[in-house]
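**Student:** Sequence below, structure please.
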Amino acid sequence: MIKDTIIKVGGMSCVRCSAAVENALRAQKGVINAIVSYTNGRAEVTFDEDVTDIKTLEKAIKKAGYSVLPDVRTARKREFKQTLLTFVFSAVFSLPFFVMMALMIFAPKSELMHILHNGYLQLALATPVQFVAGFRFYRGAYYSLKNKSPSMDVLVALGTTASYAYSVYSLFANLGVFYFESSAMIITLVLLGKMLEAKAKAKTSESIEKLMDLAPKRATVIRDNVETEIPASQIVIGDIVIVRPGESISADGVVIEGTTSIDESMLTGESMPVGKNIGDKVFGGTVNGRGAIKFRAENVGSDTMLSGIIRLVEEAQSSKAHIQNIADNVSAVFVPTVAVIAIITLVVSLFANLSLQEAIDRAVAVLVIACPCSLGLATPTALMVGIGRGASMGILIKNADALEQVCKIKALVLDKTGTLTEGTPRITERVSINGNINDSMRLSASVEARSEHPLAHVVVSEYEGEIPECVNFESVTGCGVIATVEGKQVAVGKPSWIETLCDCKLNDDIKSLAVNGKTLIVTAIDGIPSLALAVSDPIREDSFESLKRLNGMHIKTVLVTGDNEYTAKTVADAVNIDSVVANALPEDKVNVLKTLRDEYGTVGMVGDGINDAPALTLADVGFAVGNGTDIAMESGDIVLVGGGISSVSDAVSLSRATMRKIKQNLFWAFFYNTIGIPLSAFGLLSPVIAGTAMALSSVSVVTNSLLLKKVKL
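**Tutor:** A predicted model of the protein is given here:
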């Protein structure tokens, strides 16, 4: 029988590790397919349970040098803490070496410089870094070589061991040439990168946790005609659930008693609550308004809409296309090549009747100049400067993959509410039909204060004066509300209802206010129409210029929204968006992204709501609007602090400039190696000069990266 399972994997340090786990799983009999996500720490395995079982698969993972985790979120937090402690440990012992390098430039003849140059002191400082803090690189190198997938760990272990070992040899042979600082500083800097990476991985789990927190922990159900409070997880299909004002819905179901309005923004992204009557569906995790209702549970536990969104986010995190680290890919060829060259250099030098010390000098020079310092700095330094410049522009870039992918975007999916629009309905026009506008607003606010309709709150919130009490309040379902205020009969509602109530016809000028997606509310006082209010969610001013710039960059734009088709089309036409998908639920946004990816390649997504989280995660680059929900910002790769989409085109330009710098840096890193390795092999570069060349390559990489601050976007 064919079965699918998910195994949480720990101990992966790079993308090549996930490939090693995949190979180990696929090598097992009965395994049909295995997909391993390094970032998400998940192995999705399809296997024949008549041939193999989960325990066998877990053993294969452990045999490959990795661990099986019961809870990946807890494990990620633990991994971050462990990496942080290791980095701090390494940094403490490496600090004197950083001081020594500074003194070499500013005070080479100082007493402190003389003390720090002592070989035995350097040995005491470098040894804990090499073998305690650096143990993870030896372990990673061992398993990567065992799995025939050499990674950056091999480069770090090989280069630092060469520097350390030669320094020990030089110390006891009284040669006076040490590279302890190289080995210690490389390990510390690489650990810094690992710590930041572990922190980023731990953050990817927070969106899942926050989605889970939306579901209430307790619920009130009616069993045997008795109200009973139970854990929400114990609700079963058919239970009658009571939801009071302000409470969250605990399962998916159908209303059987009561009327209310529910905030469903987590599903649709729309800011206005949705009215619910008997027979309407409600969804777990949404928030009830002022009315009390009873509903019959139809979908519970993992079958609810909220659980579906959580699964979408988890699956999107696993399936996201990550660009493999260039250094890791190159190391598959570079590492064995350098090792072979060093061995050949040693052997040939001995056969050429050179002394053992000269032969070792040449071999070590090859390893030292090939040390991955500049190679390791080539990408992160440019990314650090690029991300820093982005932050100063209000573009918070969370990871390297995002910055790498932005410049490749060919299609961009846009949410409407809160992204292109302000996200909060407000009165855009007030027109007096008969009487004073302020007086009519005061009376309207009095009646609307008793109403549970979403638009009623807009009217009340925008009246700044004191609101009088009303009596004889009555709500007419689907039409409006009517009450007595200060002895006057005041009705507020749909234009057609007001026309029927007052036995009149509103003129065309009033009716024309209901255009471009606006909702028209009319107030009648004592049977005479007196006030017309146009309510809408206004388009952000920066949306017009932003879409113009994106169109100029030949990026296809698609509006995907939970709002109705008329409103969506109106907004899209106003800001010149290419196409529209309306009435979209979270899974619809995901499907649109998949379709666009098949047609265009790299796809971006801009959104701000909980309902955008799966799409933001699945997109090659997710842009989360800074004034959106925490879950959206956790799911997105880039946070636009200022809100709206005005920074998307800036992010594209910044990405292109950063990628140019990375390619230049990699050129210089490999240039020094390409020139330096043969010179070292032929004895034209001593280990000291090789170390200097290695340092110069790092300086050139860092300097070139800093120039990114001056590039015009």
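
**Student:** Any stretches of the stretch 101-250 of the chain with poor pLDDT?
**Tutor:** Applying pLDDT under 70 to the stretch 101-250 of the chain flags the ranges 149-152, 155, 193, 196-212.

**Student:** That should have said the stretch 351-500 of the chain, apologies.
**Tutor:** Ranges of the stretch 351-500 of the chain meeting pLDDT under 70: 368, 371-377, 380-381, 391-392, 399-400, 454.

**Student:** what are the ranges of the strands in it?
**Tutor:** Using DSSP state E, counting those that start in this stretch, the strands of the stretch 351-500 of the chain run over 395-397, 411-414, 426-432, 471-476, 480-485, 488-493.

**Student:** With respect to Tyr463, which of the ones you listed lies nearest?
**Tutor:** Proximity to Tyr463 (C-beta to C-beta) singles out strand 426-432 among these, at 9.5 Å. Where C-beta positions appear, they are placed from N, C-alpha and C, glycine not excepted.

**Student:** Identify the residues contacting the closest residue to Ala359 other than its chain neighbours.
**Tutor:** In space, and not counting its chain neighbours, Ala359 is closest to Ser349: 3.6 Å by C-beta to C-beta, 6 or more residues apart in numbering. By C-beta atoms under 8 Å, 6 or more residues apart in numbering, the contact list for Ser349 reads Glu358, Ala359, Arg362, Ala363, Gly683.

**Student:** let's go with 7 Å and repeat that
**Tutor:** Glu358, Ala359, Arg362 (C-beta atoms under 7 Å, 6 or more residues apart in numbering).

**Student:** That one: which element?
**Tutor:** Per DSSP states H and E, Ser349 falls inside helix 326-351.

**Student:** Could you do Ala574 as well?
**Tutor:** Counting by DSSP H and E, Ala574 is found in helix 565-575.

**Student:** distance between that helix and the chain's centre?
**Tutor:** Centroid separation for helix 565-575 versus its chain: 28 Å, with C-alpha atoms, centre = their mean, to the nearest Å.

**Student:** Point out the other helices and strands that that helix packs with.
**Tutor:** Packing contacts for helix 565-575, counted by 3 or more C-beta pairs under 7 Å, 6 or more residues apart in numbering; DSSP states H and E, involve helix 541-552, strand 556-560, strand 579-581.

**Student:** how about the ones you listed, which one is nearest Ser18?
**Tutor:** Per C-beta to C-beta, nearest to Ser18 of these: strand 556-560, 30.7 Å.

**Student:** Output the contacting helices and strands for the closest one.
**Tutor:** Taking 3+ C-beta pairs under 7 Å, 6+ apart as contact, the helices and strands that strand 556-560 lies on are strand 411-414, helix 541-552, helix 565-575, strand 579-581, helix 586-600.

**Student:** buried stuff in stretch 639-653?
**Tutor:** Using 16 or more other C-beta atoms under 10 Å as the test for burial, stretch 639-653 gives 639-640, 643-653.

**Student:** pLDDT check: weakest of those residues?
**Tutor:** Lowest pLDDT of these: Gly643, 58.

**Student:** Just to be sure, Val156 is in a helix?
**Tutor:** Yes. Assessed by DSSP: H, G, I helix; E, B strand; the rest coil, Val156 belongs to a helix.

**Student:** What strand or helix carries the closest residue to it other than its chain neighbours?
**Tutor:** Ranked by C-beta to C-beta, 6+ apart and with sequence neighbours excluded, the top spatial neighbour of Val156 is Phe137, at 4.6 Å. Using DSSP H and E, Phe137 sits within helix 135-146.

**Student:** between that helix and helix 326-351, how many degrees?
**Tutor:** 80 degrees (axes from the mean of the first three to the mean of the last three C-alpha atoms, to 10 degrees).

**Student:** ok, and for helix 135-146, which residues are buried?
**Tutor:** Arg136, Phe137, Tyr138, Gly140, Ala141, Tyr143, Ser144, Leu145.

**Student:** what about Thr220, is that helix, strand or coil?
**Tutor:** strand.

**Student:** Tell me which residues are up against stretch 57-65.
**Tutor:** So stretch 57-65 is contacted by 7, 9, 11, 20-21, 24-25, 28, 45, 47, 68, 143, 146-147 (C-beta under 7 Å, 6+ apart).

**Student:** so for it, what's the average pLDDT?
**Tutor:** For stretch 57-65, the mean confidence score works out to 88.

**Student:** re earlier: which ones among the contacts of stretch 57-65 map onto helices?
**Tutor:** Ala20, Val21, Ala24, Leu25, Tyr143, Lys146 (DSSP state H).

**Student:** Contacts only, for the third one.
**Tutor:** Residues in contact with Ala24, defined by C-beta under 7 Å, 6+ apart, are Ala60, Ile61, Lys63, Ala64.

**Student:** how does it look with 6 Å?
**Tutor:** Ala60, Ala64 (C-beta atoms under 6 Å, 6 or more residues apart in numbering).

**Student:** Now do it against Asn147, distance only.
**Tutor:** Noted for Ala24: a distance of 7 Å to Asn147, by C-beta to C-beta, to the nearest Å.

**Student:** Count the residues that sit near the closest residue to Asp48 other than its chain neighbours.
**Tutor:** Sequence neighbours aside, Gly30 is the residue nearest to Asp48 in space, at 4.4 Å (criterion: C-beta to C-beta, 6+ apart). Counted with other C-beta atoms under 10 Å, the neighbours of Gly30 add up to 16.

**Student:** phi, psi of the residue lying closest to Val243 once chain neighbours are set aside?
**Tutor:** Spatially, and ignoring its direct neighbours in sequence, Val243 is nearest to Asn288 (4.9 Å; C-beta to C-beta, 6+ apart). Here the main-chain torsion angles of Asn288 (degrees, to the nearest 10) amount to phi -70, psi 150.

**Student:** Asn288 pairs with what?
**Tutor:** Bridge pairing for Asn288 (DSSP bridges) gives the partners Ile262.

**Student:** ditto for the one 5 residues further on
**Tutor:** For Ile293, the beta-bridge partners under DSSP bridges are Val243.

**Student:** Show the contacting residues for Ile187.
**Tutor:** Ser90, Val129, Ala133, Gly134, Thr160.

**Student:** Spatially, which two of those residues are the most separated?
**Tutor:** Top of the distance list for those (C-beta to C-beta): Ser90 and Thr160, 11.4 Å.

**Student:** higher neighbour count, those two?
**Tutor:** A count of neighbours by other C-beta under 10 Å puts Thr160 above the other of Ser90 and Thr160, at 28 against 24.

**Student:** The more buried one is in contact with Ile186, isn't it?
**Tutor:** Yes. Here Thr160 reaches Ile186: they are 5.4 Å apart, a contact under C-beta atoms under 6 Å.

**Student:** ok now the helix or strand harbouring Lys663, how far from the chain's centre?
**Tutor:** Using DSSP H and E, Lys663 sits in helix 648-681. Between the centre of helix 648-681 and the centre of its host chain there is 26 Å, according to C-alpha atoms, centre = their mean.
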